[in-house]
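Visitor: Sequence first, then the predicted structure, then my questions.
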Amino acid sequence: MKKLILVFFTVVACSPNIPSAQKVIDQAIAASGVTKLQNAEASFTFRSIEYAFFMKSGAYVYTRTQRDSIGNQVSDILDNNGLIRTINGDTAEITEEKRAAYTSSVNSVIYFAFLPFRLNDAAVNKSYEGTIKINDKNYHKIKVTFNQEGGGEDFDDIFYYWFDAEDYSMDYLAYSYVEEDEGRGLRFRVAYNSRKINGVTIQDYKNLKPKIKDSVPLEEIDRAYMDGKLIELSLIELKNMSISY
C-alpha cells in the first residue's frame, strides 16, 4: 500500500516567530556535524569512481581517480590554485574548456556529498521561503542562490532545501541548472540511508525529475512531488565512505 503523503503550506508572513534562513542553515550544519570537515580527510566511491577530500585551515584538495578505456589511471586534482589532470602520474595537457568542465564535475560531486557543509560560503545567498508539512513532518524551506564572484562556473544555479523543523535534517533538496541549448533542467532529491560516519551525517538520494519537461516551476517542485508529477531518474549512492581527522 502506498503511503498517504499530505502537504500543507503555512502562512508565515508577518509572524514574529519566523526563523531566519541563516539560523536554519546554522542549526542544520551543527546537527549534521559537517563543521568537522574543516580539518579532515575523506574518501568515497561514487559510480565506480574514487573521490578523495582533504581540507585544513582553508586549504583543500579534491581528487577524482578513475581508469580510462585502455586502463590508464586518470586523476583530476582540484585545489585552491585550480585543477590539473594526471595520467599514470604524469601531468596531462588539457584545454581550458576541459579544465573548466572537470573542475565543475569534481566540485559538484564533493559539494553534494557533504551538504550542508558549504551553505555558509561567502558567495551563498539564502532566503526563508516558509514552512511545508510533508507526511506529518514540518520543514523549513530555504532558497539558495550564488553571487557570480566566488560562485563558480554554475553560479546561476538555484537551489531549494527542506530542513526538518525538529532535528534540522536535510531530507529534500532541489535545483535548476542550465542545460546547453536546452534551457533549464530541474532535479529533486529525496534523502535515504542517512548515517553517521565519524560524527558526520552522510546520505544517499533518490534523484527525480518532472515527468514532463518545463511543466513544473522550481519553486513549486515540492508540490509537484506530492502530486506524483516527478519520476525517479537515478540513485545517488556514496559507497565506502571514510572520514578521519
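Guide: Looks like it arrived, so ask away. Residues are numbered from 1 along each chain as shown.
Visitor: quick one: contacts for residue 28?
Guide: 116, 119, 161, 163, 168, 169, 170 (CB atoms under 8 Å, 6 or more residues apart in numbering). Every residue, glycine included, has its C-beta placed from N, CA and C.
Visitor: list the contacts for the last one?
Guide: Applying CB under 8 Å, 6+ apart to residue 170 gives the contacts 28, 32, 115, 116, 161, 162, 163, 191, 203.
Visitor: same deal with the first one?
Guide: Contact partners of residue 116, counting by CB under 8 Å, 6+ apart, are 25, 28, 29, 32, 34, 161, 170.
Visitor: The first one contacts residue 120, doesn't it?
Guide: What it means is residue 25. Yes: in this structure, residue 25 is within contact of residue 120 by CB atoms under 8 Å, at 6.4 Å.
Visitor: Phi first, then psi, for residue 92.
Guide: Torsion angles at residue 92 (phi, psi; degrees, to the nearest 10) stand at phi -100, psi 150.
Visitor: what pLDDT does it get?
Guide: On pLDDT, residue 92 comes in at 98.
Visitor: Could you do the one 10 residues further on as well?
Guide: The confidence metric pLDDT takes the value 97 at residue 102.
Visitor: Does it lie in a helix or a strand, and which?
Guide: Element membership for residue 102, per DSSP states H and E: helix 96-113.
Visitor: chain center to that helix: distance?
Guide: With CA atoms, centre = their mean, to the nearest Å as the basis, helix 96-113 stands 13 Å off its chain's centre.
Visitor: And the top strand by length along the chain, what's buried?
Guide: As assigned by DSSP state E, the longest strand anywhere in the chain is strand 183-197. Within strand 183-197, the residues that qualify as buried are 186, 187, 188, 189, 190, 191, counting by 16 or more other CB atoms under 10 Å.
Visitor: so what's the residue positioned nearest the centre of the chain up against?
Guide: Against the mean C-alpha coordinate of the chain, by CA atoms, centre = their mean, the closest residue is residue 112 at 2.9 Å. Residues near residue 112 by CB under 8 Å, 6+ apart: residue 236.
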